[in-house]
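need coordinates for the following:
(2 chains)
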Amino acid sequence: MNPMQASLFALVGAVGAWTFAGTRAAEPEPTNAIVAQTSGDSKDGKDAMAEMMKKAARYTQPGEEHKALERLIGKWDTDAQFCMGSQTSPAGRGSLEFSWLMPGRWIQARGAGTFMGMPADQFHVIGYDRFKMSYVSTHVTNLDTAMVRLEGDMTPDGKALLMYGTLDEYLTGENDKMIKYVWRFVSADKIVLEVHDLPIGEVGTKVVEITMTRAK
Amino acid sequence: MNVHALVAAATSQVVSIAIVFVAVWIADSALERRGNVRARAFVWGAFWLKLVVPVTLPVESSFVPSWAPSAVLARATQAPIGAWSVDSQPPTGTGPFGWSLVALGIAVASALLAVAVVRARRERVRWTRRSDERVPAWLTARADEWARRSGLARTPRLRVGNDEDGAAAVGLLDPFVVVPASALRADRRSELEHLLLHEFAHVARRDAWRSAAWTLVRCVYWFHPCVHAAAARASLVREMACDERAARTATAGLDAYRRTLLELARPLAAEPRMRAGAVSFLGSRAQIVARLERLARGECRAPASHGALGAALVLVACACCLPVGVVPSRNVAPLPGLDEVQGCLRQRYLVMAAMAQSSDPTRDAP
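Model prediction:
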């Protein structure tokens, strides 16, 4: 090895050593908690794991809020009314069947009928997000290509579920227009679903009212 | 005028007539076993009402219960959109077809009425030509008494006809009664009493008008076998009602009246041929058998509960017979313009309704 080659090897070796050392220095030091969680070999680590599992169980398992949705399960006959202030007009009839998509967690509803003269099919998914602490819903229909997402809460007396969402109006080009769905649980065999167009104002926002009667 | 809606409504009417006919027939059969002729007449009257009430009566409200077959069929055949669909409810408030169809209906009804009147007049002329107004004085005197017994304030004019035609009450406004010449023989006086009591009962009940009314609906629904069957049944009920009335007022009582009917029916059984003015000879023979069976059971003395049952059945039949039209909601609003509504969602739904009405082919385009 001539001196030139020796100095070149030495330079490459030095640069490599410096690069390796720099990379190692950039990695953060693991905290005690993470070490404990991954190893589980200390008391603090076990407590933290138990707390996290408890939290996970609380937010991932269904609860009383989901049981409140059970009253939707079954077949319903629907009668839709188009509303303009105090006036209403028949808008269509159909049926809607609610069943568990995932037992105890998610409810699906599949419906068919007519709406404003159009054959209308619809599909809903309704559930309760325990971390968000809100009822969540999404639905699609064959009347357009949009997926509507809604979020809201049950009233304290449990007689109504108020959900809010947004709608992109393709006719006017407006986006994220606020809409409100109100599920009124009138009785075990009757539910009234109201659809409100909130930008209309404070009153007279109800656009559609669907009376659902449990099919015999 | 929407042809599709017209066909749908006509289909609804035809099918609902068949369903109501079956219901009324069952009710009539139940009443037949109890011998309640008056209730049977009411039931068939209700069915007749069903036939003449327009397919879509432009009314704001209806007595039709939601479970009535006619209402069910009307709902099933109406366009699904509801109040704003041209197919089911235009904003004019005149029913699905508008005033043009109402005017057409009135015109057709008037034409049919004219045909019925002309036919009745021709029938009257025919009977007048085939009969003689020279009636024996003794018959006139007796006829006055029998007419009074039948509840008539004025004795109808009598005419003597030939034996083939038999006895008949002819005419709507000024009816006269034709008596066969053979019935004037001295040995057939009791038969004559029964014949005249029966025909006077027809006059007292104004059965000629009922018969004309049924002829009218048979002209309209000439293609519907149920209507012809109903007309025949109603005719039989009319004859039974007159038999009952005549037997009640006859001097010799019900048995003698029945014997007379049997005697008069004998030649009909021996010569089975069609007669002018009759539905058919076989129909007539079947009617006579039914009438004899009815008389064999004796006078109907149905208890009050039977009357209540009959009335209830009539009410049910009426509920099925009243308007079949689409019943608009009291709060129905006419289809507004886009600039008349608040909110984009309402506009969206109005556009949907307009697309549904025009069957826009671009809707299904990918």
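
which stretch of helix or strand covers the residue nearest in space to the middle of chain A?
By C-alpha atoms, centre = their mean, chain A has its centre lying nearest to residue A:136, at 4.4 Å. Taking DSSP states H and E as the criterion, residue A:136 maps to strand A:134-141.

what's the answer for residue B:118, then?
For residue B:118, the element it lies in under DSSP H and E is helix B:99-129.

report the next helix or strand after that helix in sequence order.
Counting by DSSP H and E, the next helix or strand C-terminal to helix B:99-129 is strand B:131-132.

which other helices and strands contact that following strand?
strand B:157-161 (3 or more C-beta pairs under 8 Å, 6 or more residues apart in numbering or on different chains; DSSP states H and E). Backbone N, C-alpha and C define where each C-beta goes, glycine included.

and the contacts of the strand it packs on?
Strand B:157-161 has contacts (C-beta atoms under 8 Å, 6 or more residues apart in numbering or on different chains) with B:127-128, B:130-135, B:139-140, B:143, B:167-168, B:174, B:176-181, B:184.

would you confirm that the residue nearest to the centre of chain A contacts residue A:127?
Yes. Counting by C-beta atoms under 8 Å, residue A:127 is a contact partner of residue A:136 at 5.8 Å.

residue B:191 contacts residue B:262, doesn't it?
No. Residue B:191 lies out of contact with residue B:262 (C-beta under 8 Å); the separation is 10.8 Å.

looking at those two, which is more packed in?
Neighbour count, other C-beta atoms under 10 Å in any protein chain shown: between residue B:191 and residue B:262, residue B:191 has more, with 21 against 13.

re earlier: gap between the residue nearest to the centre of chain A and residue B:195?
87 Å (C-beta to C-beta, to the nearest Å).

with residue A:186 instead?
Using C-beta to C-beta, we find residue A:186 at a distance of 68 Å from residue B:195.

picking that back up, counting contacts, what elements does the strand holding residue A:136 pack onto?
If you count contacts as 3+ C-beta pairs under 8 Å, 6+ apart, strand A:134-141 packs onto strand A:118-129, strand A:147-154, strand A:160-169.

for chain A, what helix or strand is lowest in average pLDDT?
Using mean pLDDT, DSSP states H and E, the weakest-scoring helix or strand in chain A turns out to be helix A:32-39, at a mean of 50.

enumerate the positions of the helix or strand just after it that are buried.
Counting by DSSP H and E, the next helix or strand C-terminal to helix A:32-39 is helix A:43-60. Buried residues in helix A:43-60, counted by 16 or more other C-beta atoms under 10 Å in any protein chain shown: A:45, A:48.

what do you get for stretch B:168-177?
Across stretch B:168-177, burial judged by 16+ other C-beta under 10 Å covers B:168-172, B:175-177.

format the residues you listed as a markdown table; extra columns: distance to residue A:181.
Compiled in a markdown table, the buried residues of stretch B:168-177 are given as follows (distance: C-beta to C-beta, whole Å):
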| residue | distance to residue A:181 |
| --- | --- |
| B:168 | 73 |
| B:169 | 71 |
| B:170 | 72 |
| B:171 | 71 |
| B:172 | 65 |
| B:175 | 71 |
| B:176 | 76 |
| B:177 | 76 |
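
check contacts around residue 212.
I went with chain A, as the question did not name one. A:76-78, A:96, A:190-193 are the contacts of residue A:212 under C-beta under 8 Å, 6+ apart.

right idea, wrong chain: chain B
B:116, B:120, B:172.

which one of those sits closest to residue A:204?
Closest approach to residue A:204 among the contacts of residue B:212 (C-beta to C-beta): residue B:116, at 55.5 Å.

which ones are touching the closest one?
Residue B:116 is in contact with B:212, B:215-216, B:219, counting by C-beta under 8 Å, 6+ apart.

at 6 Å instead, please
B:212, B:215-216 (C-beta atoms under 6 Å, 6 or more residues apart in numbering or on different chains).

from these, which ones fall inside helices?
When the contacts of residue B:116 are checked against helices (DSSP state H), the matches are B:212, B:215-216.

columns pLDDT and distance to residue B:339 on top of those, output as CSV?
Output for the ones in helices among the contacts of residue B:116, formatted as CSV (pLDDT from 0 to 100; distance: C-beta to C-beta, whole Å):
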residue, pLDDT, distance to residue B:339
B:212, 85, 56
B:215, 86, 55
B:216, 84, 50
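
which among those gets closest to chain A?
residue B:216 (35.3 Å; C-beta to the nearest C-beta).

I'd like to know how many residues surround residue A:79.
Neighbours around residue A:79, by other C-beta under 10 Å: 16.

from chain B, how far off is it?
9 Å (C-beta to the nearest C-beta, to the nearest Å).

now do residue A:65
Counting by C-beta to the nearest C-beta, the gap from residue A:65 to chain B is 28 Å.

was I right about that residue contacting residue A:129?
No. Here residue A:65 does not reach residue A:129: they are 9.2 Å apart, not a contact under C-beta atoms under 6 Å.

quick one, which of these two is more surrounded?
residue A:65 (16 against 12).

that older thread, show me which of the contacts of residue A:212 are buried.
Here, 16+ other C-beta under 10 Å leaves A:76, A:78, A:96, A:191-193 buried among those.

which of those fall within helices?
Using DSSP H, none of those sit in helices.

tell me the one among the residues you listed nearest to chain B.
Closest approach to chain B among those (C-beta to the nearest C-beta): residue A:78, at 12.0 Å.

which non-adjacent residue is nearest that closest one?
Distances taken as C-beta to C-beta, 6 or more residues apart in numbering or on different chains put residue A:94 closest to residue A:78, at 4.8 Å, once the chain neighbours are dropped.

how about residue A:111?
The nearest residue in space to residue A:111 (C-beta to C-beta, 6+ apart) is residue A:96, at 3.7 Å.

beta-bridge partners for that neighbour, please?
With DSSP bridges applied, residue A:96 shows beta-bridge pairing to residue A:76, residue A:111.

is it true that it touches residue A:80?
No. In this structure, residue A:96 is not within contact of residue A:80 by C-beta under 6 Å, at 10.7 Å.

please verify my assumption that residue A:75 contacts residue A:99.
No. Using C-beta under 6 Å, residue A:75 is not in contact with residue A:99, being 9.3 Å away.

could you report the pLDDT at residue 79?
Defaulting to chain A. You'll see residue A:79 listed with a pLDDT of 93.

nope, chain B
What the model reports as pLDDT for residue B:79 is 41.

and residue B:258, how far from residue B:291?
9 Å.

picking that back up, between the buried residues of stretch B:168-177, which is closest to chain A?
Nearest member of those to chain A, counting by C-beta to the nearest C-beta, is residue B:172, at 45.4 Å.

and the residue lying closest to the closest one once chain neighbours are set aside, how far from residue B:215?
Nearest residue to residue B:172, sequence neighbours excluded (C-beta to C-beta, 6+ apart): residue B:208, at 5.1 Å. For residue B:208, the distance to residue B:215 equals 10 Å [C-beta to C-beta].

around chain B, which positions in chain A sit nearby?
Contact residues (C-beta under 6 Å from any C-beta of the partner chain) of chain A with chain B: A:84, A:87-92, A:114, A:116-118, A:169, A:171-172, A:197, A:200, A:207.

list the contacts for the closest residue to residue A:162 other than its chain neighbours?
With C-beta to C-beta, 6+ apart as the criterion, residue A:162 has its nearest non-adjacent residue at 4.7 Å, and that residue is residue A:152. When contacts are counted by C-beta under 6 Å, 6+ apart, residue A:152 touches A:135, A:162-164.

pLDDT value on residue A:152, please?
97.

now swap in residue A:69 and tell me
For residue A:69, pLDDT reads 94.

please apply the same query to residue B:66.
Reading off the model, residue B:66 has pLDDT 46.

report the secondary structure state of the one residue in the stretch 251-366 of chain B that gets nearest to chain A.
Nearest residue of the stretch 251-366 of chain B to chain A: residue B:356, at 2.6 Å (C-beta to the nearest C-beta). At residue B:356 the chain is in helix, as set by DSSP: H, G, I helix; E, B strand; the rest coil.
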